[in-house]
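Participant: Prediction below, plus the sequence it came from.
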Amino acid sequence: MQWRQSWWTGTYFATLSSWKNLVEPPIKQAGGGDAFANLISGFLAGCFASIPNAPGDVVRSVVQKKLFQDASRPAKGISVGGIVEHITVAQEIVAARGIGALYAGFGFKAMHLGGSGALMAMFVPIFADLMGIKYTGV
């Protein structure tokens, strides 16, 4: 779980300003403001960040499904055993269905996390301003 979230968060923040630099000029040329540019760039960064995030989410879902199917099965959590279990499940998925299976449900996930990224990029500057915090991000 931490792996997938770290990949999403790191990729989101690493690419957010690049997406804003890409979309801001045409948005401003069309008469749009900063909030709209933040919304669109946040959506694109959130969608893009779903690419490294998706395999971890699929593997986590399969591990959880196995736990729900067998109540006597021990949950390994964040441990060496848990890491090994997740790697083993990923290998099983790829062996059975190919690498594309690690991206099952990607379209929905990208839209969901894109929407979350859009709202975050739009509301962080607004809340920073309301709280009197100098925000130098996007």
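Facilitator: That came in fine, so what should we check first?
Participant: Apart from its chain neighbours, what residue comes closest to F106?
Facilitator: Distance criterion Cβ to Cβ, 6 or more residues apart in numbering; nearest residue to F106, sequence neighbours excluded, is A54 at 5.3 Å. C-beta here means a position set from N, CA and C on the backbone, and glycine is covered the same way.
Participant: Could I get the buried residue list for whichever strand or helix holds the one you found?
Facilitator: Using DSSP states H and E, A54 sits in helix 34-69. For helix 34-69, burial by neighbour count (16 or more other Cβ atoms under 10 Å) applies to 36-50, 53-59, 62-63.
Participant: Against A110, how distant is the closest residue in space to A101 that isn't next to it in sequence?
Facilitator: With sequence-adjacent residues excluded and distances taken as Cβ to Cβ, 6+ apart, A101 is closest to I93, at 5.1 Å. Between I93 and A110 the computed distance is 19 Å (Cβ to Cβ, to the nearest Å).
Participant: Now the strand or helix carrying M122: buried residues?
Facilitator: M122 is located in helix 106-130, with elements delineated by DSSP H and E. Neighbour-count burial for helix 106-130 flags 106, 109-110, 113-114, 116-118, 120-122, 124-125 (criterion: 16+ other Cβ under 10 Å).
Participant: go on, stretch 79-97?
Facilitator: E85, H86, V89, A90, I93.
Participant: could you give the angle of the helix or strand the second one falls within to helix 34-69?
Facilitator: What that stands for is H86. According to DSSP H and E, H86 maps onto helix 80-97. On the basis of axes from the mean of the first three to the mean of the last three Cα atoms, to 10 degrees, helix 80-97 is oriented at 90 degrees to helix 34-69.
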